[in-house]
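Trainee: pasting the sequence and the predicted model now:
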Amino acid sequence: MKIIAMIPARYAASRFPGKLMQDLAGKPVIVRTYEATLATKLFDAVYVVTDSGLIYETIIAAGGKAMMSREEHDCGSDRIAEAVADMDIDIVVNVQGDEPFTDTESLANLIRVFEEDVDRDIDLASLMTQIEDQEDIQNPNTVKVIVDQHNFALYFSRSVIPYPRATDIKTTYYKHKGVYAFRKQAILDFRRLPMLGLEAAEKIEAIRYLEYGRKIKMVETQVTGIEIDTPEDLEKAKAAWT
């Protein structure tokens, strides 16, 4: 299989505009993420795909590979779909540009889903990690996911799911890490599917697949990392960087 990584990078993030160009230990966040993804050595190629000339030039200057989007896009998966449309690939992994702590083990486990899927039943896989901190569980910026007994996603939400009405039952919560692996045709199909009401309400792109009856295989990872959504997250990342 030919497997590539695509890092969608939009400059005008709603909660923290310009976050990908913020300094993290001497390099912009987007360069740190690119380098971390490249360092896994899991991919035939790694690209940053962006709407920003500044981000494009920054990656090129760092010796990386970058592409400019030709169209406006509502989400990273749509941006990637445009970029890979004419590429000869089998699997594309969507690595979020604000995840400079991207790790090899998690991505390898995600790719293994397709290596073991001999019947080609799975079109899309994604990562989740268990969370116990109540602040994270309650935080709408933390996307939660619930799964069935085979770790296929049932729903994603910014609300608390499952809701702990029965206080005598231990409830496990999972945070959805926005890292996806698609078969090429699946991400092309994703782009053609119009956004429906639940995705529009929650602003979670993975819901689009569920609304159209598709399955998402979730892979649990023990690596939490730090997603840089706010200036406070950036300070945490700086403190954690070694």
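Mentor: Cool, the structure landed.
Trainee: for stretch 37-48, buried residues please.
Mentor: Within stretch 37-48, the residues that count as buried by 16 or more other C-beta atoms under 10 Å are Thr37, Leu38, Thr40, Leu42, Phe43, Val46, Tyr47, Val48. C-betas here are computed from N, CA, C, even on glycine.
Trainee: helices along this structure, start to end?
Mentor: Counting by DSSP state H, the chain has these helices, from start to end: 29-39, 53-61, 76-84, 104-115, 134-138, 184-192, 197-202, 206-211, 231-240.
Trainee: low-scoring pLDDT stretches of the protein, where are they?
Mentor: By pLDDT under 70, the low-scoring segments of the chain are 14-15, 242.
Trainee: could you identify the longest strand within it?
Mentor: Across the chain, the strand with the greatest residue count (assigned by DSSP state E) is strand 173-183.
Trainee: from Ala39, how far out is the residue sitting furthest away from the middle of the chain?
Mentor: Computed with C-alpha atoms, centre = their mean, the residue of the chain farthest from its C-alpha average is Asp168, at 33.8 Å. Distance, Asp168 to Ala39, using C-beta to C-beta, to the nearest Å: 46 Å.
Trainee: what is the neighbour count of the spatially closest residue to Ile91 that is not a sequence neighbour?
Mentor: Among residues not flanking Ile91 along the chain, Ile3 sits closest, at 4.4 Å (C-beta to C-beta, 6 or more residues apart in numbering). Ile3: 18 surrounding residues under other C-beta atoms under 10 Å.
Trainee: now Arg79: how far from Asp229?
Mentor: Here the criterion is C-beta to C-beta. By it, Arg79 lies 18 Å from Asp229.
Trainee: looking at the two, which is more packed in?
Mentor: Taking other C-beta under 10 Å, Arg79 and Asp229 do not tie; Arg79 has more neighbours (24 against 17).
Trainee: that one and Arg70 touch, don't they?
Mentor: No. In this structure, Arg79 is not within contact of Arg70 by C-beta atoms under 8 Å, at 10.1 Å.
Trainee: test my guess that the residue nearest to Ile91 contacts Asp44.
Mentor: Yes. Shown here, Ile3 and Asp44 form a contact pair, counting by C-beta under 8 Å, at 6.0 Å.
Trainee: now for those two: what residues contact both?
Mentor: Contact criterion C-beta atoms under 8 Å, 6 or more residues apart in numbering; residues shared by Ile3 and Asp44: Ile89.
Trainee: what count of nearby residues applies to Asp103?
Mentor: Using other C-beta under 10 Å, Asp103 is surrounded by 16 other residues.
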